[in-house]
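A.B. asks: fold the following and give me the result.
(one chain, ligands or ions: 1)
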Amino acid sequence: MSEQKAIRNAMTVDVEDYFQVSAFAPYIARGDWEGCECRVERNIERILALFAQHQTKATFFTLGWIAERYPQVVRDIVAAGHELASHGYGHERASDLSPQAFMQDIVRAKKLLEDLGGHEVIGYRAPSFSIGKSNLWAFDTLREAGYQYSSSVYPIQHDHYGMPDSPRFAYPVREGLLEVPVTTLRVMNKNLPSSGGGYFRLLPYPVSRWLIRQVNAQDQQSAVFYFHPWEIDVDQPRVAGIDSKSRFRHYVNIARTHDRIGRLLQDFAWGRMDEIFLGRRTAALATSAVAA
Ligand SMILES: [Zn+2]
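C.D. replies: Residues are numbered from 1 along each chain as shown. Predicted coordinates:
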């Protein structure tokens, strides 16, 4: 066992389908989602199998829209001992919503997920990391809605999101609300994205592994890694007519991602957000302690 295993990192999945990604919003109308072939069930099944194989527990930030249509997906996630968390209801960027509309979206998702999962839902991740300077009120709304942590800020410079000068690691952003930013590595006064998504598919695996190792070793902090079910889905229907940048970002190295995630699970120790950052002891842990 390598020394990196001393620090546990947080493994997270944003549960949404390929037609819901923000970059495709100009090409696929929200009203057309219903008619798209949904692939999320089989992809979550594969992810659950991969996590089981590596005895990994993770956090699944799940869209209310998906939970409503695929309740079994939610039940399977919870039954396998993972943390069920919220990705909002309809995958609208928090920065595009009024405070009232945002409140409605996050309350609706929380209630749906809690009814299906049978547990309190305390974690939230904004679609496209869409909490930034222009909408810091969203933290007040999250607290008011009963969330205890958020993982919605990406402290980098990016064309779609990011707040590069915000803290890189977990911090109390409001009383009773922890913000756990996705992970960056500080190199030459810049924050490099080090936590998954398109960058993980684009970069050779050893580079991604190095980035996480550096965060664990230099910063002595847990990294937060994220991916989406569609990122392991080679057979997903191709969206026609999209711009070349979005096409590249969405499809690059999709055929390699499943196995790369397997390597990550092998090379580091992983856990759920609520356990790592809120020190929660979960039912799953308690059960395994009894069984031992
Ligand atoms: Zn999303």
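
A.B. asks: which ones are touching V13?
C.D. replies: 44, 47, 58-61, 226-229 (CB atoms under 8 Å, 6 or more residues apart in numbering). Where C-beta positions appear, they are placed from N, C-alpha and C, glycine not excepted.

A.B. asks: I'd guess it is in a helix, am I close?
C.D. replies: No - going by DSSP: H, G, I helix; E, B strand; the rest coil, the assignment for V13 is strand, not a helix.

A.B. asks: make CSV out of the contacts of V13 and add secondary structure, distance to the ion and pLDDT.
C.D. replies: Formatted as CSV, the contacts of V13 follow (DSSP: H, G, I helix; E, B strand; the rest coil; distance: CB to the ion, whole Å; pLDDT from 0 to 100):
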residue, secondary structure, distance to the ion, pLDDT
I44, helix, 14, 98
I47, helix, 15, 98
A58, coil, 16, 98
T59, strand, 14, 98
F60, strand, 12, 98
F61, strand, 8, 98
Y226, strand, 9, 97
F227, strand, 11, 97
H228, coil, 7, 97
P229, helix, 11, 97
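
A.B. asks: which elements pack onto the longest helix along the chain?
C.D. replies: If you go by DSSP state H, the chain has its longest helix at helix 99-117. Using 3 or more CB pairs under 8 Å, 6 or more residues apart in numbering; DSSP states H and E, the elements in contact with helix 99-117 are helix 64-69, helix 71-79, strand 83-86, helix 137-144.

A.B. asks: buried sites along that helix?
C.D. replies: 102-113, 116-117 (16 or more other CB atoms under 10 Å).

A.B. asks: if we can go back for a sec, name the member of the contacts of V13 with the most neighbours.
C.D. replies: F60 (31 neighbours; other CB atoms under 10 Å).

A.B. asks: quick check, it in contact with A80.
C.D. replies: No - contact criterion CB atoms under 8 Å: F60 and A80 do not qualify, at 9.7 Å.
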